[in-house]
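[1] 3D model of this:
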Amino acid sequence: MSKNQIGDSRLAGRLRRETEGEVLFAPADRGRYSTDASIYQIEPVGVLVPKTAADVEAAMAICREEGIPLLPRGGGTSQCGQTVNRALVLDCSKHLRRVLSVEGDTARVEPGITLGALNEAIKGTKQFFPVDPSTWQRCTIGGMAGNNSCGGKSIRYGLMADNVRAIDAILADGSRHVFGERAPNTDLVARLHALGEREAAEIAEKFPHQLRRVGGYNLDALTPDARANGRANLSRLLVGSEGTLAFSAALDLKLWPIKPRKVVGICQFPTFRRAMEASRHLVTLDPEAVELVDRTMIDLGRSIPIYRATIDQMVIGEPDSLLIVEFHGHEEAPLLQALDRLEEMMGDLGLPGQVVRAVDAGFQAAIAEVREAGLNIMMSMKGDGKPVSFIEDCAVGLDDLADYTERLNDVFAKHGTKGTWYAHASVGCLHVRPVLNMKDGEDVRKMREIAEECFALVREYKGSHSGEHGDGIVRSEFNEPMFGSRIARAFEAVKDEFDPAGLLNPGRVVRPPKMDDRTLFRYAPEYRADASVKPVLDWSAWPGPQGGFLGAVEMCNNNGTCRKFDANVMCPSYRVTRDEQHLTRGRANTLRLALTGQLGPDALASDQVAEAMALCVSCKGCKRECPTGVDMAKMKIEVLAARVKAHGLSWRERLIATLPRWAPFAAMMPALANARGSVPGLAALSEKTLGLAAQRPLPRFAGDAFRDEELRAPDGREGEVILLPDAFNRYFEPENLRAAIRVLRASGYDPAVARPGQGKRPLDEGRTLLAAGLVEQARDEARRTLAALSAWSSPVIGLEPSALMTLRDEFLSLLPGEASEALSRRAFLVTEFLEAQGTLPMLKPVAGVAHIHGHCHQKAFGAFPASVKALKRVPGMEVKPIQSSCCGMAGAFGYEAKNYETSVAMAEMSLLPAVRAAAAQDVIVADGTSCRHQIQDLAGREALHSIRVLDRAL
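    Numbers count the residues shown, from 1 in each chain. Sure, this is the predicted structure:
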């Protein structure tokens, strides 16, 4: 054991004994915290997830005594490398997330609360916290203070430094002080004020006069001028310090009244320069925000299914750039007048009729989603070349914006690349990212040259080289050229006053490493794919080694969209545990480390990777909702296949995987097959022997299982549709299949069943086999099913989302080629097909309310709205979609004893409360077999497949 390992082990032991927090020192844990959303990767000493501020104080004391650096971390979404270091990481986002008090227009909060959670908690006061970075759903207030975050509305509300009233700070020496409008009467504060007085003239000369200036420390808060104009609040000095000066145990925030109404105008421009020239004119209309969307973002957004329709609605023709202009207020009429003035101004600028008006709240929300996903949309480029974050936050005056951006585009062209542009045109701070390959030493050299030329331009225009995302590793070394040597030494003096031993996030803001030191990169020079990894699925849509598998994993840019807590699906297990390990990002990082040998040999089949995947319910939420398309459910199949190859299957796993093969025999003896639910002691025995939760009733085999003989074989006649019965509806709920047949016939179709041949097992899409990692057996089933269905061109109709969507998804990876692609184009869920064709028959009135829960795969493939629309065709029925994530059952997941509590917790987050709130006479609808069982088991309510509801209304 090396000295470092001995020290790390001693530190971990002390943390476990002296704190109540979670201590994470395993290699995979450290690996998951070694990256943020920047280009860097530095393995920490370990991770502490503190439960209380007392844990933080204890950890700081331990680190002080052991000589170990310490790094506070929020959501881990920083762009510049400020949340990675060789230090003990404090992850405050799991437990330190309370609103401590709200008094008048001041909220006191813990640092780990997200901006979204804060504003949700205080909305009853009719106030909000207005600093709104695009990561508002997952960025923490502590992290926002560390970066001096800004957001799209800074033209109206200012920066984080303008909206923090006080910080309850723990200093490196263990002392605790409140830095606010009344500064602590300490020697430290006296020395800081003396420094401010001494450097006041230099600060006035060298600090850029830009709203968006977040580089270095806010020394201007220490000057006599600051005290004279009311800006001497010493919390300003801590804001933007990136955890290098103190730990923020609590923050007092300034709240603002909510403006309940909003209108948006989307201005269209034929060239990028025309948009830049217009920015200075548009801000004179007093908007809340003016945000840029460039041509690259338009094109990439259209390529992502979840954003395509919104982008198409936002544009007129084929514009080169858009400026999204927002007006907020209390009354609608003045806002509509503001849109009128916007249209008039665009006409005056020579662009009449080039404004898309968005007054509908739904359209506005969709526009906001696209804007907030800007970074991730840009990062959805496949391949090693990606838009790289290192000069993206430079800010210049609006009068100079067009010339500056044009000259910077010339710099990119000189180096053989181009940049992507988006974000805050209202304040001259555009997020620009040159497309470079950080695995290529030549492109790394270009990065440095572009940075130096860009920052020289910024200084020429008297701008700020860091306008929102902070310094970190990527910009700290440029603070001296930006501010001058004297100010740089003043920054160092402030750091030394607060933290003389250099324990708090060393090497950030002051005394930094070189930004192009490749030993600190995520893709270091020795970065290599493990050649022994042979994927079992087709990953050829992504370039690179391992058949493209590694390239698909590397699409995760760590920006953390999966950490959000909204009404969509991703990521259900993280919403329950709040553990980085159980997050799409955490799993992707674990896989990347495993696939490149950083977790040791044969890591794909290791326990470390298996633990990271254990709570992934293969919901496919990430496939649709991750803007860079990280499909963790598909990646999990690779992990399961590697595990099966290395370790085999348990009896439980094999029993569930082969259910479609033995179910026909069980269905012949339903009383015996269902004995577990009726014979005392069998449930407990099944938990002991098979790991099936005793308190969970198993699905009951029906006495009248569906038989293929109930329908004719396909022959290609007019109006034919081919019904593909899945094992779950065939053997457990055959009434759903029979209802589908009646509804299809009433709709004018002639259903048939594709048969595998005399005496052979019914067709099976292989879903249960894939869920166990039996990929070759699943491929065999796919071949059998594909052969039977490819003989006919009729639409293929299914009822179970996870089964039917296998034809549209996994078949393409199991058997890539035209036959699978053709089948995927004609495979539909029954309500999806009927709604798309518009052929539902006349339905009789059914009074009442139907609450419908969407299966995760329905949502992932955009099929859920069709079920909602189909039900809305029933006269007299009010249809209410339940805003929910995964039900928590997820196939066999919820039946396993080890997962039972997690399964229940997933359901309790939104689904079960909504079901319990429904009136007794209301109908509960869920198209997923697992979802229906979860609702029945935990809420005691019968849930129906949507086709049963339509059948009742025939």
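
[2] residue ranges with poor pLDDT in the protein?
    Filtered on pLDDT under 70, the chain yields the residue ranges 1-7, 567, 758-759.

[3] which residue packs closest to T271, ignoring adjacent ones?
    Spatially, and ignoring its direct neighbours in sequence, T271 is nearest to D320 (5.2 Å; CB to CB, 6 or more residues apart in numbering). Every C-beta, even on glycine, is put in place using the N, C-alpha and C of the backbone.

[4] Pull the contacting residues for the residue nearest to the spatial centre of the chain.
    Against the mean C-alpha coordinate of the chain, by CA atoms, centre = their mean, the closest residue is T561 at 1.7 Å. T561 makes contact with 137-138, 373, 376, 570, 625-627 under the criterion CB atoms under 8 Å, 6 or more residues apart in numbering.

[5] Phi, psi for it please.
    Main-chain dihedrals, T561, degrees, to the nearest 10: phi -60, psi -30.

[6] Also I924?
    Phi and psi for I924, reported as degrees, to the nearest 10, are phi -100, psi 130.

[7] was I right about it contacting H851?
    Yes - in this structure, I924 is within contact of H851 by CB atoms under 8 Å, at 5.5 Å.

[8] Would you mind grabbing the residues shared as contacts by these two?
    If you check I924 and H851 against CB under 8 Å, 6+ apart, the residues they both contact are 915, 918.

[9] Just put the contacts of T561 in JSON lines and tack on secondary structure.
    JSON lines is the format used below for the contacts of T561 (DSSP: H, G, I helix; E, B strand; the rest coil):
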{"residue": "Q137", "secondary structure": "coil"}
{"residue": "R138", "secondary structure": "coil"}
{"residue": "A373", "secondary structure": "coil"}
{"residue": "N376", "secondary structure": "helix"}
{"residue": "M570", "secondary structure": "coil"}
{"residue": "E625", "secondary structure": "helix"}
{"residue": "C626", "secondary structure": "coil"}
{"residue": "P627", "secondary structure": "coil"}
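
[10] Could you single out the nearest of the residues you listed to L15?
    R138 (25.8 Å; CB to CB).

[11] ok, the closest one to A395 distance?
    24 Å (CB to CB, to the nearest Å).

[12] R717 too?
    Between R717 and A395 the computed distance is 67 Å (CB to CB).

[13] So those two - more neighbours on which side?
    A395 (26 against 10; other CB atoms under 10 Å).

[14] what are the ranges of the helices in the stretch 551-700 of the chain?
    For the stretch 551-700 of the chain, the helices defined by DSSP state H, counting those that start in this stretch cover 572-577, 584-595, 607-613, 621-625, 632-647, 651-657, 659-668, 670-673, 682-690.

[15] Can you give the contact residues for the third one?
    Right, helix 607-613. Outside helix 607-613, the residues within contact range by CB under 8 Å, 6+ apart are 26-28, 32, 581-582, 586-587, 590-591, 594, 599, 603, 636, 639-640, 643.

[16] 6 Å instead, please
    Contacts with helix 607-613, where a contact means CB atoms under 6 Å, 6 or more residues apart in numbering, come from 28, 581, 587, 590, 594, 599, 636, 639.

[17] Tally up the residues packed near the residue lying closest to M570 once chain neighbours are set aside, please.
    Nearest residue to M570, sequence neighbours excluded (CB to CB, 6+ apart): G621, at 3.6 Å. Counted with other CB under 10 Å, residues neighbouring G621 total 24.

[18] helix, strand or coil for the residue nearest to A919 when sequence neighbours are not counted?
    Distances taken as CB to CB, 6+ apart place V849 nearest to A919, at 6.9 Å, with adjacent residues excluded. Secondary structure, three-state DSSP: V849 is strand.

[19] Likewise for Q268?
    Three-state assignment for Q268 (three-state DSSP): strand.

[20] wait, it sits on E318?
    No - taking contacts as CB atoms under 6 Å, Q268 lies outside contact range of E318: 9.4 Å.

[21] and those two? which has more neighbours close in?
    The neighbour comparison of Q268 against E318 (other CB under 10 Å) goes to Q268, with 22 against 10.

[22] so what's that one up against?
    Neighbours of Q268 in contact, by CB under 6 Å, 6+ apart: 316, 319, 354.

[23] List the residues that contact the first one.
    What that stands for is I316. Q268.

[24] and the gap between it and M345?
    In terms of CB to CB, I316 sits 17 Å off from M345.

[25] Same question for the last one.
    If you measure Q354 against M345 using CB to CB, the figure is 11 Å.

[26] Strands of the stretch 751-900 of the chain, start to end?
    796-798, 827-829, 848-853, 877-881 (DSSP state E, counting those that start in this stretch).

[27] Rebuild those strands as a markdown table, extending it with mean neighbour count.
    Output for these, formatted as a markdown table (neighbours: other CB atoms under 10 Å):
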| stretch | mean neighbour count |
| --- | --- |
| strand 796-798 | 25 |
| strand 827-829 | 25 |
| strand 848-853 | 20 |
| strand 877-881 | 17 |
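
[28] would TSV of those strands with distance to L188 be doable?
    Below are those laid out as TSV (distance: least, CB to CB, whole Å):
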stretch	distance to L188
strand 796-798	69
strand 827-829	65
strand 848-853	56
strand 877-881	56
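
[29] and of those, who's closest to R108?
    When these are compared by CB to CB, strand 877-881 sits nearest R108, at 36.6 Å.

[30] tell me what the helix or strand just after that closest one is packed against?
    Sequence order places helix 900-909 as the next helix or strand after strand 877-881, per DSSP states H and E. Helix 900-909 sits against helix 572-577, with contacts defined as 3 or more CB pairs under 6 Å, 6 or more residues apart in numbering; DSSP states H and E.

[31] List of residues touching the helix it packs on?
    582-583, 615, 619, 885-886, 902, 905-906, 909.

[32] Apply 10 Å and report the result again.
    Outside helix 572-577, the residues that touch it by CB atoms under 10 Å, 6 or more residues apart in numbering are 94, 562-565, 569, 579-587, 614-617, 619, 621, 856, 884-888, 890, 893, 899, 901-910.

[33] Stretch 687-694 too?
    Stretch 687-694 is contacted from outside by 650-653, 655-656, 676, 681-686, 695-696, 698, 892, 894-901, 903-904, 937, using CB under 10 Å, 6+ apart.

[34] PyMOL command to pick out the buried ones of those?
    Buried members of the contacts of stretch 687-694, defined by 16 or more other CB atoms under 10 Å, are picked up in PyMOL with:
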select buried, resi 652+653+655+656+676+683+686+696+698+892+894+895+896+897+899+900+903+904+937
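
[35] ok so, going back, any idea which of the contacts of Q268 is closest to A541?
    Of these, the one sitting nearest to A541 (CB to CB) turns out to be P319, at 28.8 Å.

[36] Out of the helices of the stretch 551-700 of the chain, which gets nearest to V458?
    Using CB to CB, the nearest of the helices of the stretch 551-700 of the chain to V458 is helix 584-595, at 31.6 Å.

[37] Which strands and helices lie in contact with that closest one?
    helix 27-32, helix 549-553, helix 572-577, helix 607-613, helix 621-625, helix 632-647 (3 or more CB pairs under 10 Å, 6 or more residues apart in numbering; DSSP states H and E).
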